[in-house]
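[1] Predicted coordinates and the sequence they were generated for:
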Amino acid sequence: MGFNLGDDRTDGSRDKGESLRRGWTTGACATAATKAALTALLTGDFPDPVTITLPKGETPAFALNRAERTGDNAMAAIIKDAGDDPDVTHLAEIIATLSFAAPGSGIVFRAGPGVGTVTREGLPIAVGEAAINPVPRQMMRDVVTALCGEHGRSSDVEITLSVTDGEVLAARTWNPRLGILGGLSILGTTGIVHPFSCSAWIHSIHRGIDVARAAGLDHVVGATGSASEDAARALHPELPEIAYLDMGDFAGGLLKYLRAHPVPRVTIAGGFAKLTKLAQGAMDLHSGRSQVDFAFLADLAETIAPGRGATLRETILGANTAKAVLDLCAGENIDLANAIAVRAQGSAAAILRGAPVTPHIIVVDRAGGVVARTG
């Protein structure tokens with residue numbers, strides 16, 4: 001099955017092989033199209049190519065596939081290039097249609113044809129909103145604020161994003177299951193799609209462990225992405241750069257190599273959903289190869305807070321996402337995050353099979369805050 005849930009799969013990780021070509025997320029393409037359309041509204045001309053600045057400072061340029069100004073609207077379209085990543089949105093046409101809004105409206109996002117609408121709780125976007133994730137929204141806000149400021153206008157702009165044949169493409173993603181209806185999501189945390197090569201990635205993890213061992217380090221950190229790595233760095237500022245391993249989804253690749261090439265201590269940092277899968281015993285945490293077991297979460301919640309009745313279990317089993325379960329349990333004063341951290345630590349220890357390595361866990365939320373840790 002193809003995935004639009006995370007076309008920036010590594011959450012900002014570094015490139016894993018020079019032979020694989022990087023690409024751009026739907027969020028980056030939408031931002032470039034937004035900049036081109038807004039420039040046309042302000043000046044009458046479409047920049048082509050159009051250059052944007054990504055969250056980590058890269059400045060890619062995008063060629064326009066189509067552009068048109070009609071009355072008070074301007075439309076720009078860009079073809080997404082996912083590089084060598086097998087993404088369902090590769091070569092999809094991402095379209096931004098902009099118009100000035102009433103004074104005081106601010107920046108408003110709309111879902112056009114082919115972009116989904118959120119209908120269930122548990123996602124980072126509220127129910128009823130266009131399925132445009134927080135980082136792409138911020139990238140587009142930054143563009144609008146900067147351009148309008150340069151031309152002495154208030155940032156009252158309506159942005160409608162569309163994807164040609166997006167509803168058809170969305171049927172090949174997890175969006176319908178998650179209650180994102182009508183099309184694809186506009187995603188990305190860094191703007192860059194890093195090519196997905198399991199063997200190259202795991203090889204790089206192994207080489208990172210080799211370097212850490214050669215340097216005599218007694219503690220390494222494997223993070224699923226940039227947010228969890230940042231959280232670990234804040235907790236362990238004493239560790240050098242080489243202690244941080246870009247683990248991605250390959251917890252098994254990390255732990256099995258440490259079993260044969262031990263470092264005294266390993267910390268695994270990741271989001272609640274990914275570490276739930278590790279707690280279940282999964283070694284590959286990618287959404288395409290392991291899934292959160294909501295019955296497992298329901299059983300764990302009952303173990304923490306016995307006697308809460310069937311209603312809690314039914315609600316957990318009917319939840320949309322792991323985040324929704326975490327939020328539910330937090331509201332019930334059930335520390336599910338800590339329980340997952342402990343279970344994930346046990347799973348890691350089982351994979352290590354008695355090797356002289358002590359595993360620890362850091363669980364982070366979607367904002368990068370630490371919600372549980374062991375050790």
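    Looks like it came in fine. Worth saying up front: this structure is predicted, and the values here are computed from it rather than measured. Numbers count the residues shown, from 1 in each chain.
[2] Spatially nearest residue to residue 297 (excluding sequence neighbours)?
    residue 325 (5.1 Å; Cβ to Cβ, 6 or more residues apart in numbering). Quick note: C-beta positions are derived from backbone N, CA and C, even for glycine.
[3] burial measure for the one you found, as a count.
    26 (other Cβ atoms under 10 Å).
[4] and it, helix, strand or coil?
    Classification of residue 325 by DSSP: H, G, I helix; E, B strand; the rest coil places it in helix.
[5] who are the neighbours in contact with it?
    Taking Cβ atoms under 8 Å, 6 or more residues apart in numbering, we find residue 325 in contact with 122, 294, 297, 301, 316, 319, 336.
[6] Show me the two of those that sit farthest apart.
    122 and 301 (15.5 Å; Cβ to Cβ).
[7] Have a look at these two and say which one is more surrounded.
    residue 301 (23 against 18).
[8] got a list of what the more buried one touches?
    So residue 301 contacts 308, 312-313, 316, 325, 329, 334, 336 (Cβ under 8 Å, 6+ apart).
[9] Break down the protein into its helices, ranges please.
    For the chain, the helices defined by DSSP state H cover 26-43, 134-150, 166-170, 175-178, 198-214, 226-235, 251-260, 272-279, 294-304, 310-317, 322-331, 336-352.
[10] Which of the ones you listed sits closest to residue 53?
    That would be helix 134-150 among the helices of the chain, by Cβ to Cβ, at 8.0 Å.
[11] Which strands and helices lie in contact with that closest one?
    Packing partners of helix 134-150 (3 or more Cβ pairs under 8 Å, 6 or more residues apart in numbering; DSSP states H and E): helix 26-43, strand 107-111, strand 157-163.
[12] where does this structure have low pLDDT?
    In the prediction, the chain carries residues with pLDDT under 70 at positions 1-20, 86, 177, 194-197, 199-200.
[13] what do you get if the cut-off is 80, keeping everything else the same?
    Applying pLDDT under 80 to the chain picks out residues 1-20, 84-87, 121-123, 174, 177-178, 193-201, 203-204, 287-288, 309.
[14] Need the residue in it that's farthest from the chain's center.
    Computed with Cα atoms, centre = their mean, the maximum C-alpha offset from the centroid of the chain is found at residue 71, amounting to 36.9 Å.
[15] and the closest residue in space to residue 330 that isn't next to it in sequence, how far is that from residue 52?
    Leaving aside its chain neighbours, residue 330 sits nearest to residue 336 (7.6 Å; criterion: Cβ to Cβ, 6+ apart). Distance, residue 336 to residue 52, by Cβ to Cβ, to the nearest Å: 39 Å.
[16] which one of these two has more residues nearby?
    Higher neighbour count among residue 336 and residue 52: residue 336, with 26 against 23, using other Cβ under 10 Å.
[17] I'd guessed residue 98 sits against residue 38; true?
    Yes: assessed by Cβ atoms under 8 Å, residue 98 is found in contact with residue 38 at 5.3 Å.
[18] Now which of the contacts of residue 301 would you call buried?
    Buried subset of the contacts of residue 301 (neighbour count, 16 or more other Cβ atoms under 10 Å): 312-313, 316, 325, 329, 334, 336.
[19] Looking at those residues, which is nearest residue 34?
    residue 325 (34.4 Å).
[20] show me the contacts for residue 75.
    37, 66-69, 95-98 are the contacts of residue 75 under Cβ under 8 Å, 6+ apart.
[21] quick one on the thing from earlier: would you mind measuring from the residue nearest to residue 330 to residue 158?
    For residue 336, the distance to residue 158 equals 39 Å [Cβ to Cβ].
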